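**Student:** Take this sequence and fold it.
(one chain, ligands or ions: 2)
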Amino acid sequence: MSIKKEQVKSALMHVLHPTYNKDLISLDLVQDLIVQEKYVSFTLELPEENKALAAELKKKCSEAIHKFVDKDAVLDITIGINISKKRELEGDAKPADAAPKQQEQQPILPGVKNIIAVASGKGGVGKSTVAANLAVSLAKAGYSVGLLDTDIYGPSVPTMFGVTERPNITTDKKLVPVFKHGVHLVSMGFLVDTDQAMIWRGPMVTSAVKQFMQEVKWGELDYLVLDLPPGTGDIQLTIVQTVPLTGAVIVSTPQTVALDDARKGVAMFSKVDVPVLGIIENMSYFTPPDMPEKKYYIFGKHGARKLAQKLDVPFLGEIALQENIRDTSDKGTPVVEAEPDSAAAASFNQIGERVRQALITRQKESGESDKIEINIRP
Ligand SMILES: Nc1ncnc2c1ncn2[C@@H]1O[C@H](COP(=O)(O)OP(=O)(O)OP(=O)(O)O)[C@@H](O)[C@H]1O
Ligand SMILES: [Mg+2]
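**Tutor:** Ligands and ions are numbered 1, 2, ... in the order given. The predicted model follows:
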């Protein structure tokens, strides 16, 4: 039986930190927990350097997992030191740079039922293509959908949706999303000169994203899809901490370099307690139009599928490398809308449905069933 994260967390609740007389989970000292079948890895983030205590706690963690979870569990426990944690635990004022956890309770977007981030570790794997087609697919299924393109350095939404107009501003200075192909769109590219944005530093980008979330008149949405910039650096981390995400999907191509980065993406979301709804494999294979029975696995075979299994997250489906996906995007209408009967559209629609199901499952598990009462437009 594969080990579950929750089992590991429960086991670690039996391990007390002697200084604070509380368990490691309540003290939030267990970070980057990854569980793959019998493999468990995490960082034990201690408030100060103390080799003897670190060794003792590490031993107690191993004993607890072997006793309460699985005697054959393979453990990889790293010790990390985070001095700002000490101030936090000792009740001092929180350091200004302390990373805030997900703002679950803060209703910054009260009318939005679900916010889904589309992320990847590596650039150019098809995040924006997936985000655009996922949004259009959900809209075509009858839901009210928004798409926020947070990639200030390389916004894709204006091109992929063929938007040339500027969004309207209401009298109370709120931005009205542009409505195109059934989706309410906001892109950094609508407002910011991309050439200028190239010199923006991280904090400017993240404060612009915060503003976008709060100062856009999104209205009532069933789903808001967030297209993230590539990578798992500070900018991405701040965005996923700022926005109250319901879940995230990770896009990867099948080759090893992309998979390594996808793994980092999964770790980033688990760090901020955002559920990973699953992994999507893009550019899985190529079928020449004149040889429909052939599949060429240009970037390797089933890499993302295997990674999903390893990381114990759902695999949401594969999308082949197809000319019409690129071509329709370049011309301003995502393939789901431009060629609804194509194989490409079918794969995006299937993935859209799986994302929806994954959200419903998650929300049922966490008892938030009211969030899934979504009204389908007539
Ligand atoms: N399955 C596919 N078949 C053919 N072309 C694709 C496919 N997926 C994406 N592309 C094309 O690959 C290019 C990169 O895709 P996209 O912009 O979606 O990637 P990205 O991960 O968002 O990139 P970035 O990291 O720069 O934000 C685009 O030209 C897109 O049209
Ligand atoms: Mg992109």
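
**Student:** Helix, strand or coil: sort out I279 for me.
**Tutor:** strand (DSSP: H, G, I helix; E, B strand; the rest coil).

**Student:** Remind me which helix or strand the nearest residue to it once chain neighbours are set aside belongs to.
**Tutor:** Once flanking residues are discounted, I279 sits nearest to A308: 4.3 Å by Cβ to Cβ, 6 or more residues apart in numbering. Any C-beta I mention is one placed from the backbone N, CA and C, and that applies to glycine too. Under the criterion of DSSP states H and E, A308 resides in helix 303-311.

**Student:** what about that helix and ligand 1, any contact?
**Tutor:** No. Using Cβ under 6 Å from any ligand atom, helix 303-311 never reaches ligand 1; the gap is at least 12.6 Å.

**Student:** Now do that helix: which elements does it pack against?
**Tutor:** Applying 3 or more Cβ pairs under 8 Å, 6 or more residues apart in numbering; DSSP states H and E, we find helix 303-311 packed against strand 30-36, strand 247-252, helix 256-271, strand 276-286, strand 315-321.

**Student:** Mean confidence (pLDDT) on it, please.
**Tutor:** Averaging pLDDT along helix 303-311 gives 91.

**Student:** between it and strand 247-252, how many degrees?
**Tutor:** Taking axes from the mean of the first three to the mean of the last three Cα atoms, to 10 degrees, one finds helix 303-311 and strand 247-252 inclined to each other by 130 degrees.

**Student:** Give me the buried positions along helix 303-311.
**Tutor:** Buried residues in helix 303-311, counted by 16 or more other Cβ atoms under 10 Å: G303, A304, R305, K306, L307, A308, Q309, L311.

**Student:** any chance of the residues you listed in TSV, with distance to ligand 2 too?
**Tutor:** What follows is the buried residues of helix 303-311, written out as TSV (distance: Cβ to the ion, whole Å):
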residue	distance to ligand 2
G303	20
A304	17
R305	22
K306	24
L307	20
A308	21
Q309	26
L311	23
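
**Student:** of those residues, closest to V243?
**Tutor:** L311 (22.7 Å; Cβ to Cβ).

**Student:** That closest one contacts V266, doesn't it?
**Tutor:** Yes. Between L311 and V266 there is a contact at 5.5 Å, judged by Cβ atoms under 8 Å.

**Student:** Find the residues that touch each one of the two.
**Tutor:** I34, V276, I279 (Cβ atoms under 8 Å, 6 or more residues apart in numbering).

**Student:** those strands in the stretch 51-200 of the chain, which residues are they?
**Tutor:** Remark: strands assigned in the stretch 51-200 of the chain by DSSP state E, counting those that start in this stretch are 74-81, 112-119, 145-149, 168-169, 175-176, 178-180, 183-187.

**Student:** looking at these, which is closest to ligand 1?
**Tutor:** strand 112-119 (8.4 Å; Cβ to the nearest ligand atom).

**Student:** Buried residues, the closest one. List them.
**Tutor:** Neighbour-count burial for strand 112-119 [16+ other Cβ under 10 Å]: V112, K113, N114, I115, I116, A117, V118, A119.

**Student:** Please tell me how far S270 sits from R87.
**Tutor:** For S270, the distance to R87 equals 25 Å [Cβ to Cβ, to the nearest Å].

**Student:** no wait, T170
**Tutor:** Counting by Cβ to Cβ - T170 and R87 are separated by 43 Å.

**Student:** Between S270 and R87, point out the one with more neighbours.
**Tutor:** Neighbours were counted for S270 and for R87 using other Cβ atoms under 10 Å; S270 has more, 21 against 14.

**Student:** Can you say which two of the buried residues of helix 303-311 are spatially most distant?
**Tutor:** Every pair of the buried residues of helix 303-311 checked by Cβ to Cβ; the farthest is G303 and L311, at 12.5 Å.

**Student:** just the buried residues of helix 303-311 now: which is nearest ligand 1?
**Tutor:** A304 (12.6 Å).

**Student:** what's the pLDDT at the residue nearest to the closest one when sequence neighbours are not counted?
**Tutor:** Nearest residue to A304, sequence neighbours excluded (Cβ to Cβ, 6+ apart): E281, at 3.5 Å. What the model reports for E281 is a pLDDT of 96.

**Student:** Repeat that for Q102.
**Tutor:** 45.

**Student:** next one: T150
**Tutor:** What the model reports for T150 is a pLDDT of 87.

**Student:** Show the contacting residues for it.
**Tutor:** Going by Cβ under 8 Å, 6+ apart, T150 touches M188, V209, F212, L226, D227, L228, P229, I239.
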